[in-house]
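Chemist: After the sequence you'll find the predicted model.
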Amino acid sequence: MLTHLKKIQKHLIVVIPVVMVAGFVTGLTINPAPLKRWIMPLTFLMVYPMMVNLQLKKVIEGGDTKVQVVTQLLNFTLLPLIAFLIGKIAFPDSPYIALGLLLASLLPTSGMTISWTGMARGNIAAAVKMTVFGLLIGSILTPIYIKFLMGTVIEIPMVGIFKQIAVVVALPLILGNITQRLLIRRYGMAHYQKDIKPIFPPFSTLGVVGIVFVAMALKANSIASNPGQLITLILPLLALYGINFLISTLVGKFFFNRGDAIALVYGTVMRNLSIALAIAMTAFGKEGSEIALIIALAYIIQVQSAAWYVKFTDRIFGPAPEAQVKDVMLAGVFSLHGRDTVQNALRLLAEEHIHSFAVLDENQQPLGMVSTALLLDALADGTATDTPLNELPLEPALLIPAKTPLKQALAQMKRAHEYKVLVPDADGKIEHVLTQEEIIRHFAESKN
């Protein structure tokens, strides 16, 4: 199942339009009203997995204050105003559709902000923080902005919106963070990063696809009676995304370096349409499907435009700088302490299905590495299983700083004939690892 979900996630450009057509046909074929009961389960399925992998601690890390401030100023001043004006011009007699356009613009960034930034070789760390900031600020300001901008033409259920934000944002955020902490405590950061973390995003995608299907089914009869409505919805969306790309590109080009500029573009253009859909479908009653329709259509434009923009980033911002170790390393290291025994080592290798791990001292500094070959040799020589690991002839490991160019790191590995690499943090503690698998994946997916 997970394999199929990953394929869906990878091909959203095609999947979203197909699902919309399927929802449309379903809505014309059967009574779609019973589908409403799936809105909340699908919403939770859509948001909770995204929250599990959200790195809240990134918020307190410094070093990119300027790009963070500019990104959120664009997200919560200029861009919502542009969306509001486009909605007023394009939908003067359809305030709920205009509200859908505004709602999409008020919830910036999603998990795809990070993904697209990575694909374009931008500043991923900055994109992570933009995602967290955008989610938290948007959750607070969205009801206020909607009331201020649309309250004269639509009765805005402020209490209902705040309640739904609590249900679809705050609750999954809390539960997701608790889940993340429990998983890391139970399995360790290395196992979480390598094997558990990739499981969640595909399930979030399943929720997105489900919500889009339901929204389209509920509006099928209305669209069938007025098929030209889709064109009237798509054109304002194209205008909104086009203006957004233009503004963020110009700001990034003239005021930031390449990595921060790309993060800024995807931190402003990518909207959290999943949460926008959830709020539309749950807080506005029968008008929710009308609001949700334009948000569902935004998925098509957002995914397509983000994918194409990646292809032009080198032309716009120049070629990407040489990759560094930090661009491919994983957080967390499989490790034991020197006082642990051979039996502990055998259990770790067996349970985690790994071939080696680091041995650390009391100060989290590396003593060396233990591999399956080393343990088998030790057992063959009659070493007792209660022997402490610091009494074994540990294998060496390279210590390479995170900002080392990746090709330079490979050269060091080749010279030393050693391919086990540990990456120290700013305090010198080993909290990252450079794996052979990640290096190979990086070069396999590289454009050059």
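Modeler: Yep, it's here.

Chemist: Near residue 146, how many residues? Count them for me, please.
Modeler: Number of residues near residue 146 (other CB atoms under 10 Å) recorded here: 23. (Glycine included, C-beta is placed from N, CA and C.)

Chemist: where's the strand or helix carrying it relative to the chain centroid, distance-wise?
Modeler: Using DSSP states H and E, residue 146 sits in helix 124-150. Counting by CA atoms, centre = their mean, to the nearest Å, helix 124-150 is centred 15 Å from the centre of its parent chain.

Chemist: same question, stretch 394-408
Modeler: How far stretch 394-408 lies from its chain's middle: 27 Å, per CA atoms, centre = their mean.

Chemist: Keeping just the C-alphas, turn it into PDB.
Modeler: The C-alpha coordinates for stretch 394-408 follow below in PDB (Å, rounded to 0.1, in the frame of the first residue of the first chain):
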ATOM      1  CA  LEU A 394      37.000  -0.500  17.000                       C
ATOM      2  CA  GLU A 395      37.000   0.600  13.400                       C
ATOM      3  CA  PRO A 396      37.900   4.200  12.700                       C
ATOM      4  CA  ALA A 397      35.300   6.700  11.400                       C
ATOM      5  CA  LEU A 398      35.900   9.900   9.600                       C
ATOM      6  CA  LEU A 399      34.700  13.100  11.200                       C
ATOM      7  CA  ILE A 400      33.600  15.600   8.500                       C
ATOM      8  CA  PRO A 401      32.000  19.000   9.300                       C
ATOM      9  CA  ALA A 402      28.500  19.600   7.900                       C
ATOM     10  CA  LYS A 403      29.600  22.500   5.600                       C
ATOM     11  CA  THR A 404      32.300  20.500   3.900                       C
ATOM     12  CA  PRO A 405      31.700  20.200   0.100                       C
ATOM     13  CA  LEU A 406      30.400  16.800  -0.700                       C
ATOM     14  CA  LYS A 407      33.000  16.100  -3.400                       C
ATOM     15  CA  GLN A 408      35.700  17.100  -0.900                       C
END
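
Chemist: Okay, buried residues for the helix holding residue 146 please.
Modeler: Neighbour-count burial for helix 124-150, counted by 16 or more other CB atoms under 10 Å, picks out 124-135, 137-139, 141-143, 145-146, 149-150.

Chemist: ok, which stretches of the protein are strands?
Modeler: Along the chain, counting by DSSP state E, strands occupy 330-331, 335-337, 356-360, 366-371, 398-399, 421-424, 430-434.

Chemist: got the angle for the longest one vs strand 430-434?
Modeler: Here strand 366-371 runs at 40 degrees with respect to strand 430-434, directions being taken by axes from the mean of the first three to the mean of the last three CA atoms, to 10 degrees.

Chemist: Mind checking the pLDDT average for strand 366-371?
Modeler: Per-residue pLDDT over strand 366-371 has a mean of 87.

Chemist: same check, this time on the third one
Modeler: The predicted model assigns strand 356-360 a mean pLDDT of 86.

Chemist: between it and strand 366-371, how big is the angle?
Modeler: Going by the same axes, to 10 degrees, strand 356-360 makes 160 degrees with strand 366-371.

Chemist: List the contacts of strand 356-360.
Modeler: 333-338, 340, 345, 348-349, 366-372, 389-390, 394-395, 397, 420, 422, 430, 433 (CB atoms under 8 Å, 6 or more residues apart in numbering).

Chemist: Just the buried subset of those, written out for ChimeraX, thanks.
Modeler: To isolate the buried ones among the contacts of strand 356-360 in ChimeraX, judged by 16+ other CB under 10 Å, type:
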select :333,334,335,336,337,338,340,345,348,349,366,367,368,369,370,371,389,394,397,420,422,430,433
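
Chemist: For residue 46, list the residues it contacts.
Modeler: Each residue near residue 46 by CB under 8 Å, 6+ apart is listed here: 204, 206, 207, 208, 210, 211, 274, 277, 278.
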